[in-house]
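1. Sequence isn't available, so here's the structure alone:
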């Protein structure tokens with residue numbers, strides 16, 4: 001076999017073997033790497049290159065080394081899952097950089113992190129003022145996570161004592177002109193129901209590049225033809241959202257008033273509206 005053809009064959013073989021072994025290592029190998037996973041990635045790449053380009057008769061030794069290294073990596077990952085001491089030894093420990101709003105200079109020096117680098121990482125988290133940070137930690141993979149001071153944390157319904165209904169994940173029901181039955185099952189929607197929604201938009205499944213249904217049952221689509229504008233059927237979801245807002249407002253009014261009679265009135269109205277929403281939900285979301 002000519003040398004150039006042998007290199008092509010070995011390269012294809014190395015790519016296939018490397019792909020299968022990397023799949024065996026799992027998603028962590030292609031995510032934010034730990035210290036040992038970083039070493040593994042470099043070594044595996046070097047061994048794959050050796051298998052591709054080495055034209056003598058010992059290229060198979062590179063394949064053996066590759067398999068042994070992957071097996072060793074799997075063993076290390078298994079050990080890390082079973083033992084915290086092994087995780088602490090093989091990977092870097094997390095390091096606190098900011099505590100109670102104060103920078104820990106000794107820990108900064110330990111991680112060889114400059115003030116400019118710390119401020120840059122804070123800006124990536126949309127934080128431009130150090131005083132807004134209560135706590136920051138550098139994880140074992142080098143990422144910096146932080147906790148804002150209480151007054152700078154986003155206001156949520158929980159802070160107001162308001163209970164909200166759980167939000168269902170938006171599902172892609174049409175992709176590349178094909179209906180995804182698994183997504184329809186999750187939503188409790190039939191093909192016939194989806195076809196009716198498309199008919200209201202004067203569309204067929206074949207026209208749709210991507211179609212999604214949200215928790216309110218609203219269908220949004222992206223067509224293959226970018227020049228065509230799709231009308232949005234928003235009346236029913238908007239009505240449902242408005243009623244939910246009214247319910248939340250009534251709960252907020254009941255919490256904010258000190259008048260027991262008014263509080264009871266708001267609570268009763270909120271309960272009545274909740275019951276009405278449960279009755280109307282199947283009709284609003286179809």
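-> Thanks, I have the structure now. Just so it is clear, the structure is predicted and the values come from calculations on it, not from any experiment.
2. what does the domain assignment say about the chain?
-> 3-88, 95-152, 171-233, 238-284 (automatic domain parsing).
3. Compare these and give me the one nearest residue 159.
-> For residue 159, the closest of those is domain 95-152, at 9.7 Å, according to Cβ to Cβ. Yep, even glycine has a C-beta here, placed from its N, CA and C like the rest.
4. Mind checking the pLDDT average for that closest one?
-> The predicted model gives domain 95-152 an average pLDDT of 90.
5. how long is that domain end to end?
-> End-to-end distance for domain 95-152, by Cα to Cα, to the nearest Å: 23 Å.
6. Same check on stretch 157-171?
-> Terminal-residue distance, stretch 157-171 (Cα to Cα): 25 Å.
7. Could I get the buried residue list for it?
-> Of all the residues in stretch 157-171, those buried under the rule 16 or more other Cβ atoms under 10 Å are residue 171.
8. ok, and what's touching that stretch?
-> 180, 183-184, 186-187, 212-215, 244, 248, 251-252, 255 (Cβ atoms under 8 Å, 6 or more residues apart in numbering).
9. circling back: can you redo the domains of the chain as TSV with distance to residue 162?
-> Putting those into TSV (distance: least, Cβ to Cβ, whole Å) gives the following:
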stretch	distance to residue 162
domain 3-88	36
domain 95-152	18
domain 171-233	18
domain 238-284	5
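10. what are the ranges of the helices in the stretch 1-150 of the chain?
-> 3-25, 35-53, 59-82, 84-90, 105-110, 115-124 (DSSP state H, counting those that start in this stretch).
11. Which of the residues in the shortest one are classified as buried?
-> It refers to helix 105-110. Within helix 105-110, the residues scored as buried using 16+ other Cβ under 10 Å are 107-108.
12. Which residues outside that helix are in contact with it?
-> With Cβ under 8 Å, 6+ apart as the criterion, helix 105-110 contacts 95-97, 114-115, 118.
13. Weed out the non-buried ones from those residues.
-> 95, 97, 118.
14. residues contacting residue 186?
-> Each residue near residue 186 by Cβ under 8 Å, 6+ apart is listed here: 169, 171.
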